[in-house]
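J.: with the sequence up front, the predicted model follows.
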Amino acid sequence: MRKGTLTVVMTIISFAIVTLYLSPFIWMIGVSFKPIGEWGASYFFPQNPTLRNYMELATGAVYGVRGHFPSIIPYLINSFVSSSINSILTTLLGAMIAYTIQRYRFGGTRLATWILSLRMIPPVAVMLPLVVIVKSLGVYDSVWGLILIYPLITLPLTTWLMIGAIKNVPRETDEAALVDGCTEVEAFFKIVLPQTSAGLAASATIAFIFSWSEFLIPLLLTQSTKGMTLTVYAAYFAQEYGVLWGPMSAAGVVIALPVIVFAIIVHKYLVKGLTLAA
Amino acid sequence: MTKLFSSNGYKINFLHAHRTFAFKFNRPFLAKTFKFADLHLKNMMRNLRRPVALLALPAVAFLILLVIYPTVYLWGMMFFSFHPARDPYPIFVGLSNFGILMRDSESWWSLLRTLLLMSMSVPIQIALGIFLAVLFTSKYTRGSLMLRVLILIPMMIPSVIIGLNWKTILYSHGPLNEFIKSIGLEPQAWLSAPFGNPSNTLICLAILDVWQWTPFITLAMVSAFESIPRDIYEAAYIDGASEFKIFRLITLPMSKSSFITILMLRVIDSLKIFDTVYALTYGGPGNATTTYPFYIFKTGFTLMSLYPSYGYTALLSIILLGVATALTTVIMKILKINEILWG
């Protein structure tokens, strides 16, 4: 076979496989635009596309005897507030501890290894005490409780990413600052941190993605519109109104879309962070 | 007369074995030990006095609150019986939670189920993931970046959403069964196991897991393949090696350590499978898809358990933590942490 033909064939095969692979996701997008009569139909693209599912999701809706489902808006706000505050908080804390680890070997190899290994502990195993903590602090069922516990997931990740970012800043720059009379803390905030802005942005985005998709923590720490996030809303939706495929898929698209957009923006850092490469 | 060897390598007589003790804890040894500990302590204190340690403090405080305290709590709670709906305060019951663990066959079944799920999904993920990685990095494939970005999508969709999406797909009159019918096969009762095959539901979860995590292996292997120096390939081409031979003799051996890390990561991560179970099957039908994390959730946080007790939940959690820690230790042995951090 000639080289040009082989290129065309391989490229077409690759894109065909990937399209087939993504078909469940395409199906979800399709259903979210289908009017009520077409939800169960087995074709992917709606014949009479409608935005009604999204409108109903925003306002809440009544469906006969199945009762009504609540509007997505309060949950959206909860998710957004908790994820963005958490992403800023953990990125900053992660950068700070990453600096002391990378430049001053704070805690030695042992601390670094331990922090890295926290990324791998199953959160469900430590949730029992954390629920007790949150309840006794009086932040149960609020975004503050979530912000308090989310670092369990995101802090190891941001620390690890920021270690990589700070390693790329040449040591000479902050040494020069130290010689000029800065303290180590000043050198970090004034010299090192500004130079890691790409890494900071990436790790904040990744922290946002992970806290946005987190399910177990909000499931156990919230129970009403005061603190419940989108993922828990989606799970309850599937349990209570599982027959309403249209709004359910629309909720799925609304929840998944920001994460996918962010993930595509930072995909290089994401793969590095997830595979423990630095 | 029995001969013994002391830990110092000195050959000693059994009758004089007590001398080893004297030898081991003589003055220079003690002095050395204390000096070492003292040095350690001094270093630590000096480190803490440095203002730069202040930067690490908030993160360390968070980790103590979120990891150390819970672990201590779990180790303590293991010996108590307590459920907020039943008891006014925790009752010390000694080792009786271990007795419950022995009696409770469901906990062992759920552990076995988790392992079964892992052994179904991980090999398929690995095979499919490596296949896609080879396809994407082939020099004949154009648009490699686009492909990588597209394949990232399944991995990043929140697991709960994946669960509810697949719920519609696996529905008995859903698109999958329509497709199966259209190619002339028998439609399956995927999720409603009481009327069909009970093991189907676990297979559904495995399919979900494969769909969700194959991209992870693909992307990780792509970056592993790309970190192999180009000149090795060029040398092989000049020597006239075939594509297959290059793959088998250069690409595979050179990406072995990344492969092992990725495999271990997948094995550890499949101990966490919870969100998809919750959204797709809620552990059912019956207990057919109750994985170990879901069993912990059931015992600790719902009223569906036979043994609702924080103490028993703590014991189950400690077991899960133990398994995860053991596997994590292996991974940390493989990774060259020192090089990555300071290299």
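T.: Received it, and whenever you're ready, just let me know what you need. Residues are numbered from 1 along each chain as shown, chains lettered A, B, ... in the order given.
J.: next, the contact list for residue 223, please.
T.: I went with chain A, as the question did not name one. Counting by C-beta atoms under 8 Å, 6 or more residues apart in numbering or on different chains, A:Gln223 touches A:Asp141. C-beta: built from backbone N, CA, C; applies to glycine.
J.: not what I meant, chain B
T.: Contacts of B:Ser223 by C-beta under 8 Å, 6+ apart are A:271-272, A:275, A:277, B:258.
J.: in chain A, what helix or strand scores lowest on average pLDDT?
T.: The helix or strand of chain A with the poorest confidence is strand A:61-62; it has a mean of 76 (mean pLDDT, DSSP states H and E).
J.: tell me the strands beside it, with direction?
T.: strand A:68-69 (antiparallel) (DSSP bridges).
J.: who touches the strand it pairs with?
T.: Everything outside strand A:68-69 that qualifies as a contact, by C-beta under 8 Å, 6+ apart, is A:60-63, A:237, A:240-241, A:244, A:247.
J.: can you list the low-confidence ranges for the stretch 101-250 of chain A?
T.: A:242 (pLDDT under 70).
J.: one more pass at 80, please.
T.: For the stretch 101-250 of chain A, the stretches with pLDDT under 80 are A:238-243.
J.: follow-up on the earlier one: ok, of the contacts of B:Ser223, which one's closest to A:Phe33?
T.: Nearest to A:Phe33 among the contacts of B:Ser223 is A:Val271, at 31.4 Å by C-beta to C-beta.
J.: from B:Met156, how far off is the closest one?
T.: Distance of A:Val271 to B:Met156, given as C-beta to C-beta, to the nearest Å: 11 Å.
J.: also A:Glu186?
T.: Distance of A:Glu186 to B:Met156, given as C-beta to C-beta: 38 Å.
J.: of those two, who's got more company?
T.: The neighbour comparison of A:Glu186 against B:Met156 (other C-beta atoms under 10 Å in any protein chain shown) goes to B:Met156, with 20 against 14.
J.: name the nearest residue to the more buried one, sequence neighbours excluded.
T.: Once flanking residues are discounted, B:Met156 sits nearest to A:Ala263: 4.0 Å by C-beta to C-beta, 6 or more residues apart in numbering or on different chains.
J.: packing partners for the strand or helix carrying that neighbour?
T.: Here A:Ala263, judged by DSSP states H and E, is contained in helix A:245-265. Packed against helix A:245-265 by the contact rule (3 or more C-beta pairs under 8 Å, 6 or more residues apart in numbering or on different chains; DSSP states H and E) you find helix A:23-32, helix A:52-59, helix A:197-213, helix A:230-240, helix B:144-156, helix B:159-170.
J.: packing partners for the shortest one?
T.: Yep, that's helix A:52-59 we're talking about. helix A:245-265.
J.: so which bits of the helix it packs on are buried?
T.: By neighbour count with 16 or more other C-beta atoms under 10 Å in any protein chain shown, helix A:245-265 contains the buried residues A:245-256, A:258-260, A:262-263.
J.: kindly report the same for stretch A:165-181.
T.: A:165-167, A:169, A:174, A:177.
J.: how about JSON lines for these, with distance to chain B added?
T.: As requested, the buried residues of stretch A:165-181 are exported to JSON lines (distance: C-beta to the nearest C-beta, whole Å):
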{"residue": "A:Ala165", "distance to chain B": "13"}
{"residue": "A:Ile166", "distance to chain B": "10"}
{"residue": "A:Lys167", "distance to chain B": "8"}
{"residue": "A:Val169", "distance to chain B": "14"}
{"residue": "A:Asp174", "distance to chain B": "11"}
{"residue": "A:Ala177", "distance to chain B": "13"}
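J.: in helices only, show me the residues you listed.
T.: Members of these lying in helices (criterion: DSSP state H): A:165-167, A:174, A:177.
J.: A:Leu89: which of the buried residues of stretch A:165-181 is nearest?
T.: Scanning these for proximity to A:Leu89, where the rule is C-beta to C-beta, the winner is A:Ala165, at 17.3 Å.
J.: right, and that closest one touches A:Ala204 too?
T.: No - using C-beta atoms under 8 Å as the test, A:Ala165 is too far from A:Ala204 to be in contact (11.5 Å).
J.: helix/strand/coil for the closest residue to A:Leu118 other than its chain neighbours?
T.: Excluding its sequence neighbours, the residue lying closest to A:Leu118 (C-beta to C-beta, 6+ apart) is A:Pro156, at 4.3 Å. At A:Pro156 the chain is in helix, as set by DSSP: H, G, I helix; E, B strand; the rest coil.
J.: got the contact list for A:Pro156?
T.: A:115-116, A:118-119.
J.: give me the element residue 135 is part of.
T.: Went with chain A since none was named. Assigned by DSSP H and E, A:Lys135 falls in helix A:123-136.
J.: look at chain B instead
T.: Assigned by DSSP H and E, B:Leu135 falls in helix B:105-137.
J.: list the helices and strands that helix packs on?
T.: By 3+ C-beta pairs under 8 Å, 6+ apart, helix B:105-137 packs against helix A:3-21, helix B:144-156, helix B:200-226, helix B:256-269, helix B:292-301.
J.: show me the shaky parts of the stretch 1-150 of chain B.
T.: Residues of the stretch 1-150 of chain B meeting the criterion pLDDT under 80: B:1-52, B:85.
J.: what about B:Lys181, how many neighbours?
T.: B:Lys181: 13 neighbours (other C-beta under 10 Å).
J.: ok, now which ones touch the nearest residue to it once chain neighbours are set aside?
T.: Distances taken as C-beta to C-beta, 6+ apart place B:Pro187 nearest to B:Lys181, at 5.5 Å, with adjacent residues excluded. Residues in contact with B:Pro187 (C-beta under 8 Å, 6+ apart) are B:172, B:177, B:180-181.
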